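In: Below is the sequence, then the predicted model.
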Amino acid sequence: MKKKQLATIVLASAMMVSSLAACGNSSDGTTASSGGEATTAAPAASTEATTAEPDTTAPEPEKEATPSVDFEDGKSAFAVVATNVGGADKSVLSVVDFNGSKALKVENAEGGKMFVAINVSALLGDKVADLAEIRMNLGTQNKDKFAASSGTLYCYVGDDNHEYKAGNWSVYIESANPKTAKFDVKDAGFVAGKDNYIILSKETDNSKTTPSDLLIDNIAFLNAAGETITADSSAEFGSPAGFTSSSDTANLFGLLKPVNWEGFATKGDGWAQAGVAMTDEIKAALVPGSVIEIKFKAETGHLWVVMNEAEVGWSRVGVGDWDGSGQQYAYINNAQDTCQITYEQIAAVCGDDITKWGSMIQCESDGAWEVSSVRVGQAVDNPAITHAVNWEGYTAKADAWAQAGVAMTDEIKAALVPGSLVEVSYKSESGNIWLVMNEAEVGWTRVGVGDADGSGNGYIVANGSKAYIPYETIAQYCGDDITKWGSMIQCESDSPWEVYGIRVGTAAGFRAENNHIEIGQSTKGDGWAQDGFDLTPEMIEALNPGTVIDISYKSETGEIWVVMPDAAAGWKRVGVGDYDGSGQGYALFDGSHCQISYEMIAEQCGEDKSTWGTRIQFEASSPWEVNGAWISSTK
């Protein structure tokens, strides 16, 4: 590189001398015009040739920016692993010593892609609107010295946290590690007061040994003048609109009438058990159709329960093959932080009579584990909507037991029909949210409050970031005639709350999944382009009625479906809906998680799966990326 620079400088200098000799200087100070026409003839100053010494002065190095965040104080609560993208990244964050200072380490827990979210609004406050450039030192750690990693910086900006791709980065351990990455974000559109955030990804890793860990240091947030914007490193990430790191519901049931298991917080080493005695409330909630939901973390990502006092004897439930028994699998989400065990799974091992289950339920894993909370509720399909209509302009917030809302648009009124579902994107300290019909003809009415106010006025599924209220639940309290519901729908909670948006669409539901068989990990394509994976005989054998193709993905438009290119019935799209004008049938997707059932494929390709071909591909009407696909059993 230095040789090339020097040659360029010498050549430039020679060209400059040649140009000056050709043009010369006039006696009155005029020179040849830029258009090449001489304004005054220049007499020759001398016929002797002169030799100019080349300028070998190296260009001044770019001044290093003062970091806004250097991690020397050990604080990093403004950063979290983004589990809602990239196939549910399971990496672990910590501040460590690196390259002579402190850095944020992103430890690759299971390989694959990594996604780290940083709340720049929390760090910079209103000054986030001045953000024009982001710099950071990026390094990797790997015993393979020839490993190379690369990724992208995504910005989530504006009033609605829409995605803006700021650029790419790369690090090659052998030649440059760490390396300063620079991202021009002056046109991204960061807005003050809107909880805008960024996600730094590591999406490619060519290590031949183990996936690389990522290290982030000296983050500089610069304004248009190149000046460092001061950051508050004590800031916390919070819950930006549209960010669902803490509420991954893939593979899980939705819960109605949840009851908290008070005092259930415990931990143990691998193959060690610990638990808590059942309360009267929990015993009453454990009925057919109920499910135990456990929030946990574990080294292996696995968790199940142990019935240590069961009359049939000490029994594991939901262990699957982890102990070699192949008994049955717990339902665990992609983020591997939530486990669900159904009443029916326990009853299959311990019998239907709960009085014979013993007084306690324990937890266990094949690695060190910790349980933070447990609740029991009635299991339903995890709600989702299709044919969604956005409620334009719906943002609101208030304190506990205070209401706020927005007048219904014509589009929302048209979408509110029997079989529709209201989806509320929100956060609240208690995790609760519900609707208030403040202008209903029947009178001021809460809908979906459950027992929060003691009324039992309709139970809804609410997971802390999304809540779903069926049309039928509203109609139960306000009547079937929507013209009598009033012009407005408000929201309310029993704690401070904020709503980021509302959509209304046709009610659907993701099935709970377990017993996953991986099809493939990574592929992508442009709009209307297909790519995918080959199906092995074992995969085809696993495709049976009741199974689904589970897809972790992202796309610009939020949709995705599958293509069966080798089917005997011909090249077939499955789940495309109206995106190609066929109105064929809709895959169930929410922007990051998609399910396509065996039955949907059979409808297009025939009941004989041996005629489906040995390849499955993916497609969307916009650029798309699949981070993982599985064949999964459903209840």
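Out: Ah, there it is.

In: Tell me how many other residues surround residue 454.
Out: 8 (other CB atoms under 10 Å). The way it works is simple: take the backbone N, C-alpha and C, and place the C-beta from them, glycine included.

In: Report the separation between it and residue 504.
Out: Distance from residue 454 to residue 504, counting by CB to CB, to the nearest Å: 29 Å.

In: Contacts for stretch 305-312, please.
Out: Residues from elsewhere that reach stretch 305-312, judged by CB atoms under 8 Å, 6 or more residues apart in numbering: 273, 275, 292, 294, 314-318, 330, 341, 346, 349-351, 356-364.

In: Please enumerate the helices of this structure.
Out: All helices of the chain, identified by DSSP state H, fall at 2-23, 120-124, 280-285, 343-350, 410-415, 471-478, 537-542, 598-605.

In: and residue 230, what does it touch?
Out: Here residue 230 is in contact with 68, 124, 127 (criterion: CB under 8 Å, 6+ apart).

In: ok, the first one touching residue 231?
Out: Yep, that's residue 68 we're talking about. Yes - in this structure, residue 68 is within contact of residue 231 by CB atoms under 8 Å, at 3.9 Å.

In: shared neighbours, the two?
Out: Counting by CB under 8 Å, 6+ apart, the shared contacts of residue 68 and residue 231 are 123, 124, 219, 221.

In: which two in those residues are spaced the farthest apart?
Out: Taking CB to CB as the measure, the shared contacts of residue 68 and residue 231 span a maximum distance of 11.0 Å, between 124 and 219.

In: pLDDT weak spots in the chain?
Out: Counting by pLDDT under 70, the chain contains low-confidence residues at 1-63, 83-90, 109-112, 239, 241-247.

In: Counting residues, which strand of it comes out longest?
Out: strand 497-510 (DSSP state E).

In: what's the spacing between it and its chain's center?
Out: Mean C-alpha position of strand 497-510 versus that of the full chain (CA atoms, centre = their mean, to the nearest Å) differs by 17 Å.

In: Only C-alpha atoms, please: export that strand in CSV.
Out: C-alpha atoms of strand 497-510 as CSV (Å, rounded to 0.1, in the frame of the first residue of the first chain):
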residue,chain,number,x,y,z
TRP,A,497,-47.6,2.3,30.5
GLU,A,498,-46.9,3.3,27.0
VAL,A,499,-48.4,2.1,23.7
TYR,A,500,-46.3,2.4,20.6
GLY,A,501,-48.9,1.3,18.0
ILE,A,502,-52.0,-0.7,17.3
ARG,A,503,-52.9,-3.0,14.4
VAL,A,504,-56.2,-4.7,13.6
GLY,A,505,-56.4,-7.8,11.5
THR,A,506,-57.8,-11.3,11.0
ALA,A,507,-57.3,-13.4,14.1
ALA,A,508,-54.8,-16.3,13.8
GLY,A,509,-52.6,-18.2,16.1
PHE,A,510,-49.0,-19.7,16.1
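
In: Could you shift the numbering so residue one becomes 23, and keep it that way?
Out: All set: I'll call the first residue 23, so the last point we hit is now strand 519-532.

In: roughly how far apart are the closest residue to residue 125 other than its chain neighbours and residue 98?
Out: Using CB to CB, 6 or more residues apart in numbering and skipping the chain neighbours, the partner closest in space to residue 125 is residue 239 (3.8 Å). From residue 239 across to residue 98, the span is 11 Å (CB to CB).

In: between those two, who's got more neighbours?
Out: Neighbours were counted for residue 239 and for residue 98 using other CB under 10 Å; residue 239 has more, 24 against 21.
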